[in-house]
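Asker: no sequence for this one, just the structure:
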């Protein structure tokens, strides 16, 4: 049997958790330091954060780092640079974590996104043909026969 759990958070605690979420997204300090800054004990912070956002602070930070890594990889940045830019100290741990979260290795993700983003060069008149409505060429042939 499922029970709905309702968690009520008072407005000051809510504001502190919102601030903590902002800090987690932009700051690499340990979770304990962020909990201290928003004046909530570390373990209470983790429980309240998970209740409010549906994810732990660590999982939230990891998701933010992976999202940032995807942006950088999409822009064509080398995997090693992205690894250090998003806060990892080991290329191996970054690659393993990225693969687990994104479902594909960072280098493969970078190649696949670059293939999708590569512009297709089409000669001028051929490009214009692609803009014609469907059936336009058929109508012109029929008109020429008449």
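Answerer: Thanks, I have it. Being a predicted model, the structure only gives us computed values, none of them experimental.
Asker: List the buried residues of the longest helix along the chain.
Answerer: The helix that spans the most residues within the chain, counting by DSSP state H, is helix 57-74. Neighbour-count burial for helix 57-74, counted by 16 or more other CB atoms under 10 Å, picks out 57, 60-62, 64-66, 69-70, 72-73. For every residue, glycine as well, the C-beta is placed using N, CA and C.
Asker: any weak-confidence spans in this structure?
Answerer: Within the chain, the segments meeting pLDDT under 70 span 1-7, 115-146.
Asker: which ones are touching the nearest residue to residue 20 once chain neighbours are set aside?
Answerer: Distance criterion CB to CB, 6 or more residues apart in numbering; nearest residue to residue 20, sequence neighbours excluded, is residue 38 at 4.6 Å. By CB atoms under 8 Å, 6 or more residues apart in numbering, residue 38 lies in contact with 16-17, 19-20, 23, 45.
Asker: just to revisit the earlier point, could you save the buried residues of helix 57-74 as a markdown table and add columns showing distance to residue 92?
Answerer: What follows is those, written out as a markdown table (distance: CB to CB, whole Å):
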| residue | distance to residue 92 |
| --- | --- |
| 57 | 24 |
| 60 | 23 |
| 61 | 19 |
| 62 | 16 |
| 64 | 21 |
| 65 | 15 |
| 66 | 16 |
| 69 | 15 |
| 70 | 19 |
| 72 | 18 |
| 73 | 17 |
